[in-house]
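> build the 3D model from these lines:
(one chain, ligands or ions: 4)
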Amino acid sequence: RSKEQGRNQVTMYHESMQKDNDKMLFVEQVLRNAVSHDNFILKYQPIVDSDRNVVCFESLIRIYNDQQTIYPDDFIPVAEDTDLIQQVGRWVISHACLKIMDCEYNISVNVSSKQFHQQGFIMYIGQMMKRFNIEAGKLVIELTEGVVVGNIKEIQYKFNRLKDMGVMIAIDDFGTGYSSLEYLRQLPIDYLKIDKSFVFDLGHDESSRVIIETIISMAQHLNLKTVAEGVETEEQFKVLKAIGCDLYQGYLFGKPGDLMSLQ
Ligand code: C2E
Ligand code: MG
Ligand code: MG
Ligand code: MG
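Ligands and ions are numbered 1, 2, ... in the order given. Just a heads-up that it's a prediction; the model follows:
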């Protein structure tokens, strides 16, 4: 979204184009440097059930550059615009699989649309599952709705292959994309992750509550589990529990951190 906004400004103002372009070049340099020096790090954020038991950790990538942290919203779009997303994506998947091996938890990884559609993606997941001897159900792949736009047969085929390998599939940022809801009954999906923008507004915006209720009720009918993102307050947690959400993620339960220190 922010990338699109940036692009619109580019066509209008020369000055912001200059700034945008400079930032983009800087980020690309940092990214190339991170790829060649292995400067990435994965943080892990807990996902809990309604009794606050941890059931999964979401892995979230960062770059450490000159003692500065660079966040994925700043460099994943750049990685997607260059050829670097494949290397970044493979780094994430292999490190997450390694982590699954030496901890007891399920781990989810974010996979960007371009990465998902790249040739060899499914094969690479299969290789990692084998190499690290990953049990079925342990690896969760988070995809945004952007992934399911396009050739439905091809997407179906890929999703089915992932399911055959024992990979769980979550739709991330649910409710913010442009795709039709039809894919929900055409694809083997396990989780819907309700976007944090709806959760943030719980309590002061009645329509957000209605949207969340509707998503959860739809998910229950379709046999999908729901995960609420961005839960920051006890009040939000209480309301989400009352509505019947299955799983919860947010600063209330833990920020992205070092998995070893959380164990
Ligand atoms: P996402 O997958 O929706 O991840 C959730 C984001 O919300 C994370 O931001 C997380 O730190 C943040 N978050 C979690 N709980 C709370 C909360 O209670 N309040 C607030 N304000 N924020 C919360 P982060 O780590 O900056 O990641 C941003 C996005 O970057 C992710 O959104 C995901 O789309 C992307 N991303 C992260 N890691 C990877 C990766 O390894 N590969 C790819 N392709 N994308 C990634
Ligand atoms: Mg995610
Ligand atoms: Mg999300
Ligand atoms: Mg997001």
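> what does this protein put close to ligand 3?
Taking CB under 5 Å from the ion, the part of the chain that reaches ligand 3 is made up of 172, 173, 229. C-betas here are computed from N, CA, C, even on glycine.
> indicate whether the strand or helix carrying the first one makes contact with ligand 1.
Assigned by DSSP states H and E, residue 172 belongs to strand 168-174. Yes: for strand 168-174 and ligand 1, the contact criterion (CB under 6 Å from any ligand atom) is met by 172, 173.
> who does that strand pair up with?
Strand partners for strand 168-174, identified by DSSP bridges, are recorded as strand 139-144 (parallel), strand 191-194 (parallel).
> would you mind listing what in this structure touches ligand 2?
For the chain, the residues in contact with ligand 2 under the definition CB under 5 Å from the ion are 110, 142, 172.
> again, 8 Å this time
By CB under 8 Å from the ion, the residues of the chain that approach ligand 2 are 58, 60, 108, 110, 142, 170, 172, 173, 193, 229.
> I'd say the fifth one and residue 190 touch.
Right, the one you point to is residue 142. No: when contacts are counted by CB atoms under 8 Å, residue 142 is not listed as touching residue 190 (10.6 Å).
> out of those two, which sits in the busier spot?
For the pair residue 142 and residue 190, the greater number of neighbours falls to residue 142 (21 against 16), based on other CB atoms under 10 Å.
> hey, where'd the strands end up in the stretch 51-200 of the chain?
When assigned using DSSP state E, counting those that start in this stretch, the strands of the stretch 51-200 of the chain occupy the ranges 54-65, 68-70, 106-110, 139-144, 168-174, 191-194.
> make CSV out of the strands paired with strand 168-174 and add mean pLDDT and distance to residue 166.
Shown next, in CSV, are these (pLDDT from 0 to 100; distance: least, CB to CB, whole Å):
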stretch, mean pLDDT, distance to residue 166
strand 139-144, 97, 8
strand 191-194, 98, 15
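> tell me which residues touch residue 74, please.
Applying CB atoms under 8 Å, 6 or more residues apart in numbering to residue 74 gives the contacts residue 27.
> for residue 150, that is, sorry about that
Taking CB under 8 Å, 6+ apart as the criterion, residue 150 is in contact with residue 117.
> ok, and the most crowded of the residues of the chain next to ligand 2?
Using other CB under 10 Å as the neighbour definition, the residues of the chain next to ligand 2 reach their maximum at residue 108, which records 27 neighbours.
> grab the nearest non-local neighbour of it.
In space, not counting the residues next to it along the chain, residue 108 is nearest to residue 140; the distance is 3.7 Å by CB to CB, 6 or more residues apart in numbering.
> how close does the one you found get to residue 174?
For residue 140, the distance to residue 174 equals 14 Å [CB to CB, to the nearest Å].
> cool, and residue 53?
Remark: distance between residue 53 and residue 174 (CB to CB) = 23 Å.
> now do residue 127
Residue 127 sits at a distance of 29 Å from residue 174 (criterion: CB to CB).
> more neighbours: these two, which one.
In this view residue 127 and residue 174 are compared by other CB under 10 Å, and residue 174 has more residues nearby, 23 against 14.
> my guess is the more buried one meets residue 216, correct?
No: using CB under 8 Å, residue 174 is not in contact with residue 216; the gap is 10.7 Å.
> which neighbours do these two share?
Jointly contacting residue 174 and residue 216 under the rule CB under 8 Å, 6+ apart are residue 194.
> centroid residue for the chain?
Central residue check for the chain by CA atoms, centre = their mean: the C-alpha nearest the mean position is that of residue 110, 3.6 Å away.
> quick one: the residue nearest to residue 162 when sequence neighbours are not counted and residue 26, what's the gap?
Using CB to CB, 6+ apart and skipping the chain neighbours, the partner closest in space to residue 162 is residue 169 (6.2 Å). According to CB to CB, residue 169 stands 35 Å off from residue 26.
> and residue 221, by the same measure?
The gap separating residue 221 from residue 26 is 47 Å, by CB to CB.
> compare those two (neighbour count), which wins?
More crowded of residue 221 and residue 26, by other CB under 10 Å: residue 26, with 13 against 8.
> now that one: which helix or strand?
Element membership for residue 26, per DSSP H and E: helix 14-37.
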